[in-house]
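**Q** Take this sequence and fold it.
(one chain, ligands or ions: 2)
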Amino acid sequence: DRLSNNFQFLDVGRQDPSKKDIATRKHQFVEIYEPYSKEQVADQSHRCLECGNPYCEWKCPVHNFIPNWLKLISEGNIFEAAELSHQTNTLPEVCGRVCPQDRLCEGACTLNDGFGAVTIGNAEKYITDTAFAMGWRPDMSKVTWTDKKVAIIGAGPAGLGCADVLVRNGVKPVVFDRYPEIGGLLTFGIPEFKLEKTVMSRRREIFTDMGVEFRLNTDVGKDVTMEQLLSDYDAVFMGMGTYTYMKGGFAGEDLPGVYDALPFLVSNVNRNLGFEKSADDFISVAGKRVVVLGGGDTAMDCNRTSIRQGAESVACAYRRDEENMPGSKREVANAREEGVEFLFNRQPVAIVGEDKVEGVKVVTTQLGEPDENGRRRPEPIAGSEEILPADVVLIAFGFRPNPPEWLKDHNVAVNGWGGVEAPEEQEFKFQTSNPKVFAGGDMVRGSDLVVTAIWEGRQAADGILDYLEV
Ligand code: FAD
Ligand code: SF4
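**A** Ligands and ions are numbered 1, 2, ... in the order given. Next up is the predicted model:
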């Protein structure tokens, strides 16, 4: 009997859900993990030791009540688990799919000491997917509506986190986004093999039923001004992300055939979702030799999108070793299984070619002293240059903030690297230098994670509620 066995972790090992076969994964833009069955998820959840002071909860940026909902799953109590999971997280089914769990909740699980962490992410995804399929919806029956309304700029995880907390406290959120669908990078960035897009369209319907209003295809600064928002609403929350592409600063970056990561990924999503405005916008790597530069999540997504588009070969060059890669270990493993070749300790120094890209010149590196972040600096080894042949080069060096010019006109201060100043530790959390304007997510902290953007959006909503004295 599962429920009476406190040593389940000794009898049942960690088991991730099975993956689709490799032929499907190489060609189709569909999620690669099969859902858990009811039995599997109950067995896996019951492996939790219910530690008195659960490290997983502290390591989870939104501090989910993990052992509590694992227990509810093992008891088959999915609606209660969904209710509890939504108390701390706005998009649990998204985080379950895309969080780098090996660095967060699962990395902190006590069972890592030789038994294999509980599969927390997949259990979290199961709760919400199953509850929604069974007809569960967030309970809004006890909400008392106020006469306050808040404009939210950006329908990414930060904006949605903010809207969720506001609407549950009776404050009307009106969310503006320049894109035709909600989600920000969840829709226009992260590919379908990690997160199918129906997850976000379902969420749009649920948020709308809860009382959140979306004004999509609306660019703030063009279609509607900040002046207007400040005069029509009681407060404004900004969750506009970071969209300046980092460059390598070496020769050849402007050659035809060299693309920034995000335009490549977005063009692929637009084609798959039917949002493509012109066929010329699509960046195809079919039949080409692709070299991806970078080692984070964006680089992995470029690698795996290239495989699915039918590239002849995909090589990923990264300047440190595998141990020091910033991307999720799970995604690196998935990319490798799908046929990506990793070239570690290779630093690009130039992109070469006559009138189009022909290759990437790299030097081999060795790791030297730690830098200010504690990561060992890559140092080039003299005489180790080589050329990696390429028809297409995708640059995934990360993003810097792109604060809009009009922030200055409204007294919203920006720091030296372009991040909006909105500290958590102050009277009204995440308030900017304009008391009526709050901000969170990538535009405040720099490009980071879905779950940290959700956290900041939710915390900023608490700040707004205090400011509005709701
Ligand atoms: P965004 O998601 O960028 O949303 C900002 C929104 O604001 C956008 O919809 C934009 O259209 C809108 N906007 C901006 N300006 C305006 C304006 N003037 N008017 C109207 N709307 C505006 N994180 C993970 O945790 N796991 C992953 O696997 C992962 N993979 C990633 C893969 C890629 C390719 C990328 C680029 C990022 C990935 N991330 C991942 C990071 C994660 O997606 C971001 O940290 C997160 O989406 C940030 O949320 P946000 O709400 O701050 O901004
Ligand atoms: Fe783990 Fe992310 Fe879920 Fe937190 S939100 S429990 S870190 S998967």
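**Q** so what's the closest residue to ligand 2 within the stretch 251-400 of the chain closest to, chain neighbours aside?
**A** As assessed by CB to the nearest ligand atom, ligand 2 sits closest to Ser328 within the stretch 251-400 of the chain, at 10.9 Å. Just so you know, the C-beta spots here come from the backbone N, C-alpha and C atoms, and that holds for glycine as well. Spatial nearest neighbour of Ser328, excluding adjacent residues (CB to CB, 6 or more residues apart in numbering): Pro100 at 3.7 Å.
**Q** quick revisit: just read off the phi/psi values of the residue of the stretch 251-400 of the chain closest to ligand 2.
**A** phi -60, psi 140 (degrees, to the nearest 10).
**Q** residues contacting it?
**A** 100-103, 297, 300 (CB atoms under 8 Å, 6 or more residues apart in numbering).
**Q** Kindly report the same for Gly13.
**A** Residues near Gly13 by CB under 8 Å, 6+ apart: 115-116.
**Q** repeat for Tyr233
**A** Tyr233 makes contacts with 149-151, 174, as judged by CB under 8 Å, 6+ apart.
**Q** Let's have those in CSV, adding pLDDT.
**A** Converted to CSV, the contacts of Tyr233 look like this (pLDDT from 0 to 100):
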residue, pLDDT
Lys149, 98
Val150, 98
Ala151, 98
Val174, 98
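**Q** Neighbour-wise, which one of those residues leads?
**A** Neighbour tally across those (other CB atoms under 10 Å): the maximum, 26 neighbours, falls on Val150.
**Q** need the contact list for that residue.
**A** 162, 166, 171-174, 233-237, 464.
**Q** at 7 Å instead, please
**A** Shown in contact with Val150 (CB atoms under 7 Å, 6 or more residues apart in numbering): 166, 171, 173, 233-237, 464.
**Q** Pull up the residues of this protein that are close to ligand 1.
**A** Neighbours of ligand 1 within the chain, by CB under 6 Å from any ligand atom: 98-99, 153-159, 176-179, 184-185, 189-190, 194, 219-221, 239-241, 262, 265, 297-298, 301, 404, 441-443, 447-451, 453.
**Q** Any regions of the stretch 1-150 of the chain where pLDDT drops low?
**A** For the stretch 1-150 of the chain, the stretches with pLDDT under 70 are 1-4.
**Q** go with 50
**A** Within the stretch 1-150 of the chain, no stretch has pLDDT under 50.
**Q** Can you list the strands that the lengthiest strand in the chain pairs with?
**A** Counting residues, the longest strand found in the chain (DSSP state E) is strand 359-370. Sheet pairing of strand 359-370 (DSSP bridges) gives strand 346-352 (antiparallel), strand 376-380 (antiparallel), strand 386-389 (antiparallel).
**Q** and stretch 359-379, which residues are buried?
**A** Neighbour counts using 16 or more other CB atoms under 10 Å place 359-365, 367, 378 of stretch 359-379 among the buried residues.
**Q** Out of those residues, which two sit at the greatest distance?
**A** Farthest pair in the buried residues of stretch 359-379 (CB to CB) is Gly359 and Leu367. Separation: 25.1 Å.
**Q** contacting residues for the closest residue to Ile307 other than its chain neighbours?
**A** Excluding its sequence neighbours, the residue lying closest to Ile307 (CB to CB, 6+ apart) is Glu338, at 4.9 Å. Going by CB under 7 Å, 6+ apart, Glu338 touches 22, 25-26, 304, 307.
**Q** Check Leu465 too.
**A** By CB under 7 Å, 6+ apart, the neighbours of Leu465 are 169, 171.
**Q** Distance-wise, check it relative to ligand 2.
**A** Distance, Leu465 to ligand 2, by CB to the nearest ligand atom, to the nearest Å: 22 Å.
**Q** ok now the strand or helix carrying that residue, how far from the chain's centre?
**A** According to DSSP states H and E, Leu465 maps onto helix 450-467. Offset of helix 450-467 from its chain centre (CA atoms, centre = their mean, to the nearest Å): 17 Å.
**Q** And it, what's buried?
**A** Under 16+ other CB under 10 Å, the buried positions of helix 450-467 are 450-465, 467.
**Q** what's the neighbour count on whatever residue of the stretch 201-350 of the chain ends up closest to ligand 1?
**A** Per CB to the nearest ligand atom, Gly241 is where the stretch 201-350 of the chain lies closest to ligand 1, at 2.4 Å. Neighbour count for Gly241, taken as other CB under 10 Å: 21.
**Q** And Glu276, by the same measure?
**A** By other CB under 10 Å, 15 other residues sit near Glu276.
**Q** mind giving me the domain split of the chain?
**A** 2-133, 149-243+400-467, 247-397 (automatic domain parsing).
**Q** Next, give phi and psi for the residue in the chain sticking out farthest from the centre.
**A** Here the chain reaches farthest from its C-alpha mean at Gly383, the gap being 38.9 Å by CA atoms, centre = their mean. The phi/psi pair for Gly383 (degrees, to the nearest 10) reads phi 80, psi 10.
**Q** any idea where the strands of the stretch 201-350 of the chain begin and end?
**A** Ranges of strands within the stretch 201-350 of the chain are 213-215, 235-238, 244-245, 258-260, 289-293, 313-317, 341-343, 346-352, based on DSSP state E, counting those that start in this stretch.
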